[in-house]
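[1] Okay, sequence plus prediction incoming.
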Amino acid sequence: MALATKIFGWVLLLAGVAVIGWTLYSSYNIFTGKAALPEIFEMPTEEAEAPVAKGGIPTTQQETQKELEKMIGEQLKGILPVAALPKLLNLIVWSILAGILIFGGSQISGLGIKLMKRG
């Protein structure tokens with residue numbers, strides 16, 4: 001019984017270390033650009049806009065609103081790249097997931113160490 005407990009403890013220890021190692025390796029590859037970032041948040045695609053009537057002058061309030069949104073959007077693109085916010089959110093989500101995986105791997109390894117000491 002003690003031998004089985006020690007073997008199972010070693011298996012848990014190695015499994016926990018493997019989870020931690022894989023997480024760190026994947027994070028390194030993502031942050032160095034060698035692997036693609038998992039996309040949780042995506043940038044919505046632009047809709048085709050209807051042309052404004054009468055030579056480019058908006059005639060209704062909705063057209064004026066769309067024209068203002070378009071102008072503000074173009075100004076913001078100069079300050080903040082379009083893909084920056086979704087990429088930042090995806091990096092934050094990956095970092096949280098990596099933290100959870102590392103915590104879980106350490107808990108699994110700790111359980112394995114306790115079993116090895118017990119057996």
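    Alright, I've got the coordinates. Residues are numbered from 1 along each chain as shown.
[2] Now the residue nearest to the spatial centre of the chain: closest residue in space, sequence neighbours ignored.
    Centroid-nearest residue in the chain, with Cα atoms, centre = their mean: residue 90, separated by 3.0 Å. Nearest non-adjacent residue to residue 90, counting by Cβ to Cβ, 6 or more residues apart in numbering: residue 37, 5.1 Å away. Just so you know, the C-beta spots here come from the backbone N, C-alpha and C atoms, and that holds for glycine as well.
[3] and the one you found, what is it in contact with?
    Contacts for residue 37 (Cβ atoms under 8 Å, 6 or more residues apart in numbering) come out as 30, 87, 90, 91, 94.
[4] Mind checking what secondary structure it has?
    Secondary structure assignment for residue 37 (DSSP: H, G, I helix; E, B strand; the rest coil): coil.
[5] helices or strands up against the biggest helix by length in the chain?
    Scanning the chain for the helix with the most residues, using DSSP state H, yields helix 84-118. Applying 3 or more Cβ pairs under 8 Å, 6 or more residues apart in numbering; DSSP states H and E, we find helix 84-118 packed against helix 2-31.
[6] so how far is the helix it packs on from its chain's centroid?
    In this view, helix 2-31 has its centroid 22 Å away from the chain centroid, taken as Cα atoms, centre = their mean, to the nearest Å.
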